[in-house]
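In: Return atomic coordinates for the entry below.
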Amino acid sequence: MSELAMPTQFMAKRWVFVVQAIFFGAFAAFGLILGPLFLFGFMKDVKGNPATDAGIALTSMSLPFVLIFALAIYNLKARRRPLLRLCREGIEFVLIGSSSLDGIPMIPGLVRLAWLILSTQGFRQQVVCIPWRDFECATVSGPPMDHCLTIEDSLSLVTSQALPLGTYATDRIVLREATFRTPLAEIATAINLHASKPDARGGLASWGDVVPADA
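Out: Coordinates of the predicted model:
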């Protein structure tokens, strides 16, 4: 592939969140519809008696499903734009739903999910920028089906001062295979190519350019 044909914007996978939205949305709708009907006496039990307890249980049980559904919808919306972009000034990555538990191993997935919702960290976005002058390398490692893309740079005070307003710098970004539609090897190739050829970056978008959302 020629450097002119090399992609510079990389979209995230969204099908997992589509499944989550459909599955948990259905359970949430079931509880929110039937719960109040039982609670206010519009529906009764098999003996024709009021089923207030069933209404309270259904309505209460629907709350976690509503929250997970809302998180899935947020993730779908946040991932309509490129997750990673190669710009004239450097690399831009949108970090969605980063949690303070991410670096702690052996925590069950349900606990992580609950913490994302309760702490509202799952509903936040952060933009990470790495200027080309500080970029060091982009490498892919790990076992098959669980590859990781590592982007490293030399973090400095000058780097932070040169970044767009509202973004931040880091000395390393680690991305998993399941995050992107594009294979990580292709993303690493595109990053390293543009890093080594400044002339190829002249026609790229700027950090400040508005990116249209994916349909």
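
In: buried ones in the longest helix along the chain?
Out: Ordering each helix of the chain by length in residues (DSSP state H) puts helix 52-78 first. For helix 52-78, a neighbour-count test (16 or more other CB atoms under 10 Å) marks 54-55, 58-59, 62, 64-72, 74-76, 78 as buried. To be clear about C-beta, it is placed using only N, CA and C from the backbone, and glycine gets the same treatment.

In: Excluding chain neighbours, what is closest to Ser141?
Out: In space, and not counting its chain neighbours, Ser141 is closest to Cys148: 5.8 Å by CB to CB, 6 or more residues apart in numbering.

In: Against Phe180, how distant is that neighbour?
Out: 12 Å (CB to CB, to the nearest Å).

In: What of Pro36?
Out: Pro36 is 42 Å from Phe180, by CB to CB.

In: Show me which of those two is the more surrounded one.
Out: Remark: of Pro36 and Phe180, Phe180 carries more neighbours, 19 against 15, as counted by other CB atoms under 10 Å.

In: Can you pull up the most central residue in this structure?
Out: In the chain, the residue lying closest to the centroid (CA atoms, centre = their mean) is Ile96, at 3.9 Å.

In: Next one: that one from Tyr74, what distance?
Out: Per CB to CB, Ile96 is found 9 Å from Tyr74.

In: ok, now Asp214?
Out: Per CB to CB, Asp214 is found 16 Å from Tyr74.

In: again, but for Ile56
Out: Using CB to CB, one obtains 28 Å as the distance from Ile56 to Tyr74.

In: Over to Trp15?
Out: Separation of Trp15 from Tyr74 (CB to CB): 16 Å.

In: where does Gln126 fall, phi/psi-wise?
Out: phi -130, psi 140 (degrees, to the nearest 10).

In: Kindly state the pLDDT recorded for the spatially closest residue to it that is not a sequence neighbour?
Out: Nearest non-adjacent residue to Gln126, counting by CB to CB, 6+ apart: Leu95, 4.4 Å away. Looking at Leu95, its pLDDT stands at 91.
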